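Engineer: below: sequence and its predicted model.
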Amino acid sequence: MLTPTAPPTPLAPLRSGGLPLHRKAEDALRRLLSEPEYANGGLLPDELSIANRLGVSRGTVRAALMRLVSEGRLER
């Protein structure tokens, strides 16, 4: 019998393999931006906090954030 599992949280540690980490970070941040707290203009955690939660470098987070800024999804 399968037990239901909770959906992944938007900022869970990223796994290696598949897409580059900055793309995985982008996807995690997109999911975070869809949360009501942030969809309504709430401030995201700082880069270092996001990096720690995702288990990646701050540079990886910065690359993901800059791509979202260039797409118009975020303002810096």
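Structural biologist: Structure's in. What do you need?

Engineer: which SS class is Pro45?
Structural biologist: coil (DSSP: H, G, I helix; E, B strand; the rest coil).

Engineer: what is the burial count for it?
Structural biologist: A total of 14 residues lie near Pro45 under the criterion other Cβ atoms under 10 Å. Every residue, glycine included, has its C-beta placed from N, CA and C.

Engineer: and the residue nearest to it when sequence neighbours are not counted, how many residues sit next to it?
Structural biologist: Nearest residue to Pro45, sequence neighbours excluded (Cβ to Cβ, 6 or more residues apart in numbering): Arg53, at 7.6 Å. Under the neighbour criterion other Cβ under 10 Å, Arg53 is assigned a count of 18.

Engineer: got a list of what Arg53 touches?
Structural biologist: 11-13, 45 (Cβ atoms under 8 Å, 6 or more residues apart in numbering).

Engineer: work out for me the element it sits within.
Structural biologist: helix 47-54 (DSSP states H and E).

Engineer: and that helix, what's its mean pLDDT?
Structural biologist: For helix 47-54, mean pLDDT rounds to 93.

Engineer: list the contacts of the helix or strand of the chain with the lowest mean pLDDT.
Structural biologist: Here the helix or strand of the chain ranked lowest by mean pLDDT, DSSP states H and E is helix 36-39, holding a mean of 85. Identification of contacts with helix 36-39 by Cβ under 8 Å, 6+ apart yields 32-33, 44.

Engineer: which of those residues has the most neighbours?
Structural biologist: Among the contacts of helix 36-39, the one with the most neighbours (other Cβ under 10 Å) is Leu32, at 19 neighbours.
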